[in-house]
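Asks: Predicted model, plus sequence, below.
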Amino acid sequence: MCGIVGYIGRRSAAPVLLEGLKRLEYRGYDSAGIAVLQGGCFTVVKRKGRVRELERAGNLEGNVGIGHTRWATHGAPSERNAHPHVYGKFAVVHNGILENFAALKEECLQRGEAFASETDSEVIAHFIAHAYHGDFLQAVRDAVARLSGSFAIAVLCSDYPDCMIAVREKSPLIVGTGEKEAMVASDLPAIAAEGMRAYSLADGESALIRADGVVFYDSDCHPIEKNSVSYSCESDAPRLGEYPHFMLKEIAEIPKSVSRTLEEPFPSELDGLLRSTERIYIVACGTAYHSGIAAKYAIETLARVPVEVHIASEFRYSDPILSPHALVLAVSQSGETADTIAAAKLAKELGATVIAVVNVVGSSLTEVADFALYTRAGREISVAATKSFNAQLALLYRFACRLAEAKGRSCDFASLKNLAPLAARTVELSRRIAEWSGDFTRAKCVYFLGRGADYGTALEGSLKLKEISYLPGEGYPAGELKHGSLALVGRDTPVVVLLTQTALAEKTMNAVHEVEARGATVYLVTSLRDYADATAHTLVIPSCVECFSPVLAVIPLQLLAYHTAVSMGRDPDKPRNLAKSVTVE
Ligand code: M6R
C-alpha cells in the first residue's frame, strides 16, 4: 500500500528518495512520484508504474524532498493522481483515506480553487495553503484539524526550505535522524537502510524535521521527548539470491521460520493470564485469519478452551460481545493492517486483554496490544504471505500447548520441535507439485476441500491460488459442498482435497467420491498413508500431531499456487490490485 519517503540534509535528496521508495516497493503500488525543493521552487516528477521510471528524469537538484508510491483508492492509477500534490507553496504526500474529502473538496471548489487530480489527498495541500499566513507549522495544524479518516502526511513549504513536517493519524509514520540529515518514511526499511535512528510517531503526533534536529509534538501540539525504536538489520531489504521470485525463496525459508519462532522465549508473565482465560477470540485478516481458523482446532483440542475466529473488518463493526476473562489474539504479519489494529483497540476498550501475534518488531499493533508475541519469519517481501503463515501457526500451536499446561492438561511440547524438520521434508517432497500446475492453468474454478483443521488449510490454499494466478476458487468444508457449490463442480474444476485428520478421513473421502462422480479430477494432499493410493494424483506429506498438520499441509498448496501463477505468466510477488501492507480499511 502507499509508501512515503522524505529527506532533508547534506546530500542530494532525489537519490535518497528513490532508494527509499525502492525499499518500500514490496508494499505494492501503481504509480510513484517525487518533489524536490530548490531555490524556492518545486521540481516534481511523477510516473504511472515503477519507481525506476522516475530515475529516467535524471538527477534533480535540491537537498530536501518528498516521495511517494501510490496504491489507488480515490482516482485511477495515473500520473495525474500520483503524489506529491503541489498547491501554492506546498507539496504533500499522503497515506490513508480522508473520509470527509468530498465535503472538503466542495469547500475548496466554492473558494474557486482548481484541482489537478481526482485524489482525496490533494485537498490536504489546498487546506494547508488556505490556512497559511506565514507560519508553516500552524498552517499544517489548522489544516489537519479539518481532516477525518486515516492519514500519514509529509509536507514541504517553499518558504521554509530548511524543514519538513510530518503528521500521523491512524497510518504509520517513522522519523529518522542521522548526521546532519533526517528522514521520514511510512516504514522502517527506508530509514534502516540509511542507518538512521528511528522514531515511530503515535496517532495525533507530529514532527518538525530539520537536518540538524527534530522536534516532536503530541496531539495537543506540546513538544515531547520520544525514545528511538530498535530494529534489526533484517529491516533492510532481503535479496533474491538464487531464486527467481521472493515467494519461492520465502517458501524455502519456512523450516527456518518455524524453528526460529518456536525458539522464541514465551513470556512467563502470561501464565497467570492463561490460567484465568475462559475464551479466546482471534481477530485477523486474509492469511492471518486463516492461521486463526487452522489454529482454533489445535487450541480447542489441546487446551479445551473455546476459540472464536473473527475477520477483523467484521469484528470491529459488529458491536461484539466479549465474555469476561476473554483473551484476544490479534494476528498480523505486518502489524500495520488497519482493520486488525482497530479490532484490537476495540477489544481493549471492551476490557479484554490483547496479545499481538506479529512478525514486525515495533509495528503499530504492538503499541496497541498489552503483550506482543513475535513470529520470527524474517522480512516477507512477496505480497502473497507464505512463511509468515507457517510461523503464525507455529506460534499459535505453542500458545495452545502453554494454555493447555496452564489449564492442567498434559501436552507433548516435544512434538512441536519436530515441526521444522518435517516442514523441510515437506518442502522437498512438494517439488513434484509443479507437475500438477499444468492442469490448473486451464481450470474454470478450483475447489479446496478439508474438514476440521484441514478446513483452514483449504481456505489458505484457495486464497493463495486466487491472489497470484487470478483463477477463481473456493476453500470449502468438505461436508458442505453438497449443500450448494457441488452444482459448479465438473471436468473443468480441479478439486484439491486435504486429508490429515484420521477421525474425519472417511467423511472427507465421501466428498472425493462426490466430486469424482461429477467428472472432477481430485488432487489429494494427505499425511495418512492408508490413502496413498486413493486417487491418481496424491501427494503424501509427513505426518505429525494431527492438530498441527496445517503447518505442513499448506506447503504443497503454496507451491501449487506459485507454479500455477508462474506458468500463467503472472508475477507472484506483485499480484495486481494487491498491497503487502493494508493500512486503509
Ligand atoms: O499483515 P497482515 O498479516 O495483517 O495482512 C493481512 C492480509 O492483508 C494478508 O494476509 C493478505 O491476505 C495476503 N496478501 C495474503 O497472501
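Replies: Good, I have the coordinates.
Asks: Quick check: the residue of this protein nearest the ligand.
Replies: Nearest residue of the chain to the ligand (C-beta to the nearest ligand atom) works out as residue 286 at 1.9 Å. C-beta: built from backbone N, CA, C; applies to glycine.
Asks: mean confidence for the helix or strand where residue 272 lies?
Replies: Assigned by DSSP states H and E, residue 272 belongs to helix 270-276. Regarding helix 270-276, the rounded mean pLDDT is 93.
Asks: Flag every buried residue along that helix.
Replies: 270, 273-274 (16 or more other C-beta atoms under 10 Å).
Asks: Ok, stretch 439-448 next?
Replies: 440, 443, 445-448.
Asks: Turn the residues you listed into JSON lines, columns for distance to the ligand, pLDDT and secondary structure.
Replies: Converted to JSON lines, the buried residues of stretch 439-448 look like this (distance: C-beta to the nearest ligand atom, whole Å; pLDDT from 0 to 100; DSSP: H, G, I helix; E, B strand; the rest coil):
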{"residue": "440", "distance to the ligand": "18", "pLDDT": "94", "secondary structure": "helix"}
{"residue": "443", "distance to the ligand": "20", "pLDDT": "93", "secondary structure": "coil"}
{"residue": "445", "distance to the ligand": "19", "pLDDT": "94", "secondary structure": "coil"}
{"residue": "446", "distance to the ligand": "16", "pLDDT": "96", "secondary structure": "strand"}
{"residue": "447", "distance to the ligand": "19", "pLDDT": "96", "secondary structure": "strand"}
{"residue": "448", "distance to the ligand": "15", "pLDDT": "97", "secondary structure": "strand"}
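Asks: residue contacts, residue 396?
Replies: 291-292, 295, 298-299, 329, 331, 357 (C-beta atoms under 8 Å, 6 or more residues apart in numbering).
Asks: And the ligand, is the longest helix along the chain touching that?
Replies: Across the chain, the helix with the greatest residue count (assigned by DSSP state H) is helix 387-406. No: if you take C-beta under 6 Å from any ligand atom as the test, helix 387-406 misses the ligand, and the best it gets is 6.6 Å.
Asks: near the ligand, which residues of the stretch 401-550 of the chain show up?
Replies: With the criterion set to C-beta under 6 Å from any ligand atom, the stretch 401-550 of the chain comes near the ligand through residue 467.
Asks: what residues are up against residue 394?
Replies: Under the contact definition (C-beta under 8 Å, 6+ apart), the residues listed for residue 394 are 257-258, 261-262, 375, 416, 419, 551.
Asks: just residue 422 next, same as before
Replies: Each residue near residue 422 by C-beta under 8 Å, 6+ apart is listed here: 542, 544, 552.
Asks: For the nearest residue to the second one once chain neighbours are set aside, identify the helix or strand it belongs to.
Replies: Spelled out, that is residue 544. Using C-beta to C-beta, 6 or more residues apart in numbering and skipping residues adjacent in sequence, the residue nearest residue 544 is residue 422, 5.5 Å away. Assignment of secondary structure by DSSP H and E places residue 422 within helix 419-429.
Asks: Same check on residue 153?
Replies: Counting by DSSP H and E, residue 153 is found in strand 149-157.
Asks: And that strand, what does it pack against?
Replies: If you count contacts as 3 or more C-beta pairs under 8 Å, 6 or more residues apart in numbering; DSSP states H and E, strand 149-157 packs onto strand 3-9, strand 64-70, strand 90-98, helix 122-131, helix 136-144, strand 164-169.
Asks: Run the chain-centre distance for the fourth one.
Replies: For helix 122-131, the distance from its own C-alpha centre to the chain's C-alpha centre is 31 Å (C-alpha atoms, centre = their mean, to the nearest Å).
Asks: Could I get the average pLDDT for that helix?
Replies: Averaging pLDDT along helix 122-131 gives 96.
Asks: got the residues of the protein near the ligand?
Replies: Within the chain, the positions near the ligand by C-beta under 6 Å from any ligand atom are 285-288, 332-334, 337, 340, 383-385, 467, 578, 582.
Asks: Put the buried members of these into a ChimeraX selection.
Replies: Only the buried members of the residues of the chain next to the ligand end up in this ChimeraX selection, burial being decided by 16+ other C-beta under 10 Å:
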select :285,286,287,288,332,333,334,337,340,383,384,385,467,582
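Asks: quick check, nearest of the residues of the chain next to the ligand to residue 194?
Replies: For the residues of the chain next to the ligand, the minimum distance to residue 194 (C-beta to C-beta) is 21.2 Å, reached by residue 334.
Asks: could you give the angle of the strand holding residue 153 to helix 122-131?
Replies: Counting by axes from the mean of the first three to the mean of the last three C-alpha atoms, to 10 degrees, strand 149-157 points 50 degrees away from the direction of helix 122-131.
Asks: before we move on, back to that, now go through the contacts of residue 394 and say which are in strands.
Replies: Secondary structure assignment (DSSP state E) places none of these within strands.
Asks: Could you single out the nearest of those residues to residue 303?
Replies: The shortest approach to residue 303 among these belongs to residue 416, at 14.2 Å (C-beta to C-beta).
Asks: Contact partners for the closest one?
Replies: Residue 416 sits next to 262, 394, 397-398, 401, 548 when contact means C-beta under 8 Å, 6+ apart.
Asks: one more time with 6 Å
Replies: With contacts taken as C-beta atoms under 6 Å, 6 or more residues apart in numbering, residue 416 has the following neighbours: residue 262.
Asks: From here on, call the first residue 367.
Replies: Okay, using 367 as the starting number, the last item reads as residue 782.
Asks: State the pLDDT value of it.
Replies: The per-residue pLDDT of residue 782 was computed as 93.
Asks: where does the stretch 667-816 of the chain dip in pLDDT?
Replies: Nowhere does the stretch 667-816 of the chain drop to pLDDT under 70.
Asks: hmm, back to that, now do the helix holding residue 638: everything it contacts.
Replies: Surrounding helix 636-642, the residues in contact under the criterion C-beta under 6 Å, 6+ apart are 691, 769, 772.
Asks: May I have it as CSV, with CA atoms only?
Replies: As requested, the backbone C-alpha atoms of helix 636-642 are provided in CSV (Å, rounded to 0.1, in the frame of the first residue of the first chain):
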residue,chain,number,x,y,z
LEU,A,636,1.4,-14.7,30.6
ASP,A,637,1.0,-17.9,32.6
GLY,A,638,-1.3,-16.3,35.2
LEU,A,639,-3.3,-14.7,32.4
LEU,A,640,-3.7,-18.1,30.6
ARG,A,641,-4.9,-19.8,33.8
SER,A,642,-7.8,-17.4,34.1
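Asks: Run the chain-centre distance for that helix.
Replies: With C-alpha atoms, centre = their mean as the basis, the distance from the averaged C-alpha position of helix 636-642 to the chain average is 29 Å.
Asks: Quick check: what element follows that helix along the chain?
Replies: On the C-terminal side of helix 636-642, the closest following helix or strand by DSSP H and E is strand 645-650.
Asks: ok, residues contacting that following strand?
Replies: Contacts to strand 645-650, defined as C-beta under 6 Å, 6+ apart, come from residues 658, 671-676, 678, 681, 689, 692-697, 706, 709.
Asks: For that strand, which strands pair with it and how are they oriented?
Replies: For strand 645-650, the paired strands and their directions (DSSP bridges) read strand 673-677 (parallel), strand 692-698 (parallel).
Asks: Residues contacting the next helix or strand after the shortest one, please?
Replies: Going back to what we said before, that points to strand 673-677. Scanning forward in sequence from strand 673-677, with DSSP H and E defining helices and strands, the next element found is helix 678-681. Taking contacts as C-beta under 6 Å, 6+ apart, the residues outside helix 678-681 that touch it are 649-651, 705-706, 709.
Asks: For residue 923, which residues are in contact?
Replies: Contacts were defined as C-beta under 6 Å, 6+ apart; by that measure residue 923 touches residue 827.
Asks: What score does it have for pLDDT?
Replies: Residue 923 carries a pLDDT value of 97.
Asks: do the one 4 residues further on as well
Replies: According to the predicted model, the pLDDT of residue 927 comes to 97.
Asks: Run the chain-centre distance for the helix or strand containing it.
Replies: Residue 927 is located in helix 916-933, with elements delineated by DSSP H and E. Averaging C-alpha positions (C-alpha atoms, centre = their mean) puts helix 916-933 19 Å from its chain's average.
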